[in-house]
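> make a model of this:
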Amino acid sequence: MYIGRRIVARDYYGYQWLRNLASYLWSKLASFVWSIGGTNFNKADLTDANFTAVTLKSTNFQGAVIVRTCWKDAHKLSLPCLGPSILRNNAARALLVSRNGYKQDFKRADLGGTYLNGAKLEGANLKGANLANATLKDANLKDANLNSSQCIGVDFTRAYLTGTCLEAWNIDPTTVLDDVDCQFVYLLEQPNHLGSRERRPHDPTATFAPGDFEKLYTENQDAVQILIREGINPDAFRATFGELMAKHPEITLESIQSIEKKCTDALVTLAITPEIYKAKVEQVFNEAYEAWLAAARDRAQTESASESIRDFMDAFIKLSALNTPGN
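Below you'll find the predicted structure:
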């Protein structure tokens, strides 16, 4: 057993050494780029690469993989050579370089797989943003809006989340919440009819103790929340949920944990197994629900048109009868 532990420890530390070596070599390579007048990273895998404070004039990133790539304080990212769409977005590129997104609007921004450790995102609007697989260690997200954001695979280790809005955010067991600093959160972006944003803890004088936030949301990670705008159409919901169960047999009627009214909307919470991809469940449900509503609108329009035609024909027949000789 002792020998086995030594082998496991040796393999683990060997892996860590290789990973640190790779990061170090990327850093050295990035530091060298400025001296050779740019280089070609076309279709290169730059996962975990470090370009901190590097001048990148004329450097080609077309087709490159830039997952968790560090761009902090990088200079002269030339637009024609940027390649990945994340770098082509001015607001996203500025955030990756400066790490300062204080009270800025990143609504529905694609920030998936980005390296934002230590980023200043206090009061930032990240509603509907894609943050999947991003790293936000030590980031300041105080009072940020994460409503409907995709946070699967995000590393929030030691992030500051006090006052953050977590309405319908999407997390799963791959979301890391270790040592998160959080005193309280809100579950609603806008106050409900009682003027409440559903603060947690409910007691306005209470705060989470260290570790409470992690425990609370780790327990609820095997669930998907679907926000249905303008309330639930019962017929549409029945048809849509039936289609969802057909495509995902693991999901049953017992999977429905709750249906909550959120102002004019409804929030449906489903318990799912860790193997089910949450984003796919939400996508299947939303597409089927919207398709049913669209079909219902078409049927209503057709029926209305048919009714109008019948009314017209009835009126025409009556008028014709009145004009018939002998009447």
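> the stretch 101-250 of the chain: helices as residue ranges?
212-219, 234-247 (DSSP state H, counting those that start in this stretch).
> ok, of those, where does mean pLDDT dip lowest?
Lowest mean pLDDT of those: helix 212-219, a mean of 83.
> report how many residues lie close to residue 233.
Residue 233 has 15 neighbours, counted by other C-beta atoms under 10 Å. Any C-beta I mention is one placed from the backbone N, CA and C, and that applies to glycine too.
> pretty sure it sits against residue 293.
Yes: if you go by C-beta atoms under 8 Å, residue 233 and residue 293 touch, sitting 6.6 Å apart.
> got any ranges where the protein has weak pLDDT?
1-38, 78-83, 219-221, 303-327 (pLDDT under 70).
> what ranges does it have for its strands?
185-186, 199-200, 223-228, 256-262, 265-271 (DSSP state E).
> who are the contact partners of residue 216?
Counting by C-beta atoms under 8 Å, 6 or more residues apart in numbering, residue 216 makes contact with 200, 208.
> same thing but at 10 Å, please
By C-beta atoms under 10 Å, 6 or more residues apart in numbering, residue 216 lies in contact with 177, 182, 185, 200-201, 208.
> distance check, it against residue 245.
29 Å (C-beta to C-beta, to the nearest Å).
> cool, residue 298 as well?
25 Å.
> between those two, which is the more surrounded one?
The residue with more neighbours, out of residue 298 and residue 245, is residue 245; 14 against 10, by other C-beta under 10 Å.
> re earlier: would you turn the helices of the stretch 101-250 of the chain into JSON lines with distance to residue 289?
Output for these, formatted as JSON lines (distance: least, C-beta to C-beta, whole Å):
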{"stretch": "helix 212-219", "distance to residue 289": "26"}
{"stretch": "helix 234-247", "distance to residue 289": "4"}
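> of all those helices, which lies closest to residue 272?
helix 234-247 (10.6 Å; C-beta to C-beta).
> list the buried residues in the closest one.
236-237, 239-241, 243-244 (16 or more other C-beta atoms under 10 Å).
> and stretch 272-282, by the same measure?
Quick answer for stretch 272-282 (16+ other C-beta under 10 Å): 272, 276, 278, 281-282.
> ok, stretch 108-124 next?
109-117, 119-124.
> buried among the contacts of residue 216? Need that as a selection in PyMOL.
This is the PyMOL syntax for the buried subset of the contacts of residue 216, where burial follows 16+ other C-beta under 10 Å:
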select buried, resi 177+182+185+200+208
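> domains for the chain, by residue range?
2-221, 222-327 (automatic domain parsing).
> how near is the residue minimising distance to the centre of the chain to residue 239?
Residue closest to the average C-alpha location in the chain (C-alpha atoms, centre = their mean): residue 150, at 1.3 Å. Residue 150 sits 26 Å away from residue 239, going by C-beta to C-beta.
> one more: residue 183?
With distances taken as C-beta to C-beta, residue 183 is found 43 Å from residue 239.
> same deal with residue 170?
24 Å.
> now residue 167
Taken as C-beta to C-beta, the span from residue 167 to residue 239 is 26 Å.
> identify the residues contacting residue 89.
Residue 89 sits in contact with 82, 95-96, 106, 109-111, where contact means C-beta under 10 Å, 6+ apart.
> can you tell me how far it sits from residue 108?
11 Å.
> still on that earlier bit, tell me the one among the buried residues of helix 234-247 nearest to residue 196.
For the buried residues of helix 234-247, the nearest to residue 196 is residue 237 (25.7 Å; C-beta to C-beta).
> contacts only, for that closest one.
Here residue 237 is in contact with 228, 259, 266, 268, 285, 289, 292 (criterion: C-beta under 10 Å, 6+ apart).
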